[in-house]
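J.: Pasting the sequence and the predicted coordinates here, then a few questions.
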Amino acid sequence: MPQSLKSDAHEILSRFGVTATRYTDGSMDSFSPVTGEAVASVTPDTADSTATSIAKAHAAFLAWRTTPAPKRGELVRLFGEELRAAKDDLGRLVSIEAGKSPSEGAGEVQEMIDICDFAVGLSRQLYGLTIATERPGHRMMETWHPLGVVGVISAFNFPVAVWSWNTAIALVCGNSVVWKPSEKTPLTGLACQAILDRALKRFGDAPENLSQVVIGAADVGQALVDNPQVALVSATGSTRMGRIVGPRVAERFGRCILELGGNNAGIVTPSADLDMALRAVAFGAMGTAGQRCTTTRRLFVHADVYDDLVPRLKKAYASVSVGNPLTENVLVGPLIDKDAFDGMQSALSAAKNAGGTVHGGERLEVETDAAFYVKPAIVEMPSQTGPVVEETFAPILYVMRYTDLEEAIADHNAVAAGLSSAIFTTDLREMEQFLSAAGSDCGIANVNIGTSGAEIGGAFGGEKETGGGRESGSDAWKAYMRRATNTINYSRELPLAQGVVFDI
Ligand code: NAD
């Protein structure tokens, strides 16, 4: 008899050293989308306990900010080591709690390891500039200083990676962190904190409460959002959430990184390698059951190749293996819950009403009727209308025919979100046009790879209603620090800038 997901999850948590009362005695149930069963009951934080955590984090920040950055990097190096050791267990817990396949669960942990490696290097590269000054005997430079407490709010679909992107960078930048994971994935939150605690223990002299996790829903998130001691709120989730969080943080002049919804598209041109496009679109649109912020949701296919590519795509959709993601050879796991299923069904019926032809999308009985598995849907649309312009967080791919690339790019950009995009072409002109200032308006624009599956080395994020935030690689670290411009006068004169005279 196979072990239940509940005892599996509890064993993993106990191996990480999480106290059993934290996940057995609470009032908030945590469900596995794999079977729909409750796997734990956690104790939610309150506004008061969250404020206490923030105050403790602020005290930790005051000590951590003066620890030399390369030494702070050493903590993150140890954290990367602990993650390597914990990869199998944490990956499985991600699969249990978020319904990802073992390879996607492990892949998410690998992303955590990668960002740790990146952050360790960064800890010796928090460079400022030396800037030419117009005044003789002066030197001008910029210095980057730690910012304060970083509040992280994360979504269910990347329950561990998003926290690590923020935390690894925040820690080397000299900040402390308070994290509120999604209320749908609290267990991975408790596990991640326990893994970081191991690294902190080995590190030795880090301040207490440098990183903490608070459990709960939007009300606990808002306690982070409204607290003036939280210098930066990094919030990942729906645009609906960002619309509330962004203005509230702005009202108190706090800083925000918003990583919100996407409505990502691909364009397949007549010169595309169709075999490659087929595989990239299939993974981008069906992988993680369409529950990635970068999932391919719209596809513009040139009329010359439409009748070649689309029937092959439909065939791939019809034959894809949907099922318990913890069993072998399954590519598409469950939706997170019933709300996600209802949202998918209402988008499909709106698409039909708007003239779309729907293939797939029906519910599949897998495991129990408390779990929500669906056949991914491919919908041929006469034009970009109705639900096509919105993000539905489920495996629906809207396919449209085009004849003119400029019009396809205009349609591509004619949605509110601006996260990820892709063109499939072997024509240099088409490729450059797509990547140019007049091309894709997204934060991520790819050529001959799909919209999903970003690496940590680049800055991750999107434009427009995706929120404008950037996380992870490149110079995204600058959002986690404050910049000071310093001018030093080593002369015996006091010349004023712009030649201003003020003799007394
Ligand atoms: P969600 O917006 O329902 O919840 C995300 C988080 O925000 C949760 O922790 C939730 O408790 C919290 N929250 C919700 N309302 C809040 C409020 N008013 N104040 C403070 N906190 C609040 O999103 P979800 O269903 O968990 O995730 C799916 C969404 O996230 C999709 O839209 C997806 O595109 C987006 N997403 C974006 C990225 C990105 O990097 N751009 C990454 C992952 C997911």
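T.: Noted; the coordinates are in hand.
J.: Please make it C-alpha for all contacts and neighbour counts, starting now.
T.: Will do.
J.: Write out the residues of the stretch 51-200 of the chain neighbouring the ligand.
T.: 153, 154, 155, 156, 157, 158, 181, 182, 183 (C-alpha under 6 Å from any ligand atom).
J.: at 5 Å instead, please
T.: Within the stretch 51-200 of the chain, the positions near the ligand by C-alpha under 5 Å from any ligand atom are 154, 155, 156, 182.
J.: what two of those residues are the furthest from one another?
T.: Within these, 154 and 156 form the most distant pair, 6.8 Å apart (C-alpha to C-alpha).
J.: who's more crowded, the two?
T.: Here residue 154 and residue 156 are set side by side on neighbour count (other C-alpha atoms under 10 Å), and the busier one is residue 154, at 25 against 22.
J.: Domain boundaries for the protein, per the record?
T.: Under the assignment named as the TED database, the residue ranges that make up the domains of the chain are 5-260+467-485, 264-459.
J.: Report the distance from the longest one to the chain centre.
T.: Centre-to-centre, domain 5-260+467-485 and its host chain are 12 Å apart (C-alpha atoms, centre = their mean, to the nearest Å).
J.: can you tell me the distance between the two ends of it?
T.: Separation of the first and last residues of domain 5-260+467-485 by C-alpha to C-alpha, to the nearest Å is 54 Å.
J.: how about stretch 87-105: buried residues?
T.: Within stretch 87-105, the residues scored as buried using 16 or more other C-alpha atoms under 10 Å are 87-102, 104-105.
J.: Also stretch 203-214?
T.: Judged by neighbour count using 16+ other C-alpha under 10 Å, the buried positions of stretch 203-214 are 203, 206, 207, 209, 210, 211, 212, 213, 214.
J.: interface residues of this structure facing the ligand?
T.: Residues of the chain found near the ligand (C-alpha under 5 Å from any ligand atom) are 154-156, 182, 217-218, 221-222, 237-238, 241, 259-261, 293.
J.: switch the cut-off to 6 Å
T.: Counting by C-alpha under 6 Å from any ligand atom, the positions of the chain adjacent to the ligand are 153-158, 181-183, 217-218, 221-222, 236-238, 241, 244-245, 259-262, 293, 461.
J.: List buried members of the residues you listed by neighbour count.
T.: Neighbour counting by 16+ other C-alpha under 10 Å classes 153-158, 181-183, 217, 221-222, 236-238, 245, 259-262, 293, 461 among the residues of the chain next to the ligand as buried.
J.: Strands - which of those land there?
T.: Assigned to strands by DSSP state E, the following of those qualify: 153, 236, 259.
J.: List the contacts of the second one.
T.: Going back to what we said before, that points to residue 236. 153, 154, 155, 162, 242, 258, 259, 260 (C-alpha atoms under 8 Å, 6 or more residues apart in numbering).
J.: Now render those residues as CSV, adding pLDDT.
T.: Written out in CSV, the entries for these read as follows (pLDDT from 0 to 100):
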residue, pLDDT
153, 98
154, 98
155, 98
162, 98
242, 98
258, 98
259, 98
260, 98
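J.: the helices in this structure, which residues?
T.: Read by DSSP state H, the chain holds these helices, from start to end of the chain: 5-15, 21-24, 47-64, 69-98, 102-122, 161-172, 186-203, 218-225, 239-251, 274-286, 303-319, 338-353, 405-413, 428-435.
J.: In stretch 270-282, which residues are buried?
T.: Across stretch 270-282, burial judged by 16+ other C-alpha under 10 Å covers 270, 272, 274, 277, 278, 280, 281, 282.
J.: ditto for stretch 186-200
T.: Neighbour-count burial for stretch 186-200, with 16+ other C-alpha under 10 Å as criterion, is recorded at 186-200.
J.: Quick check: phi and psi on the closest residue to residue 344 other than its chain neighbours?
T.: Counting by C-alpha to C-alpha, 6 or more residues apart in numbering, residue 394 is the residue found nearest to residue 344 once chain neighbours are left out, at 5.9 Å. For residue 394, the backbone dihedrals are phi -160, psi 170 (criterion: degrees, to the nearest 10).
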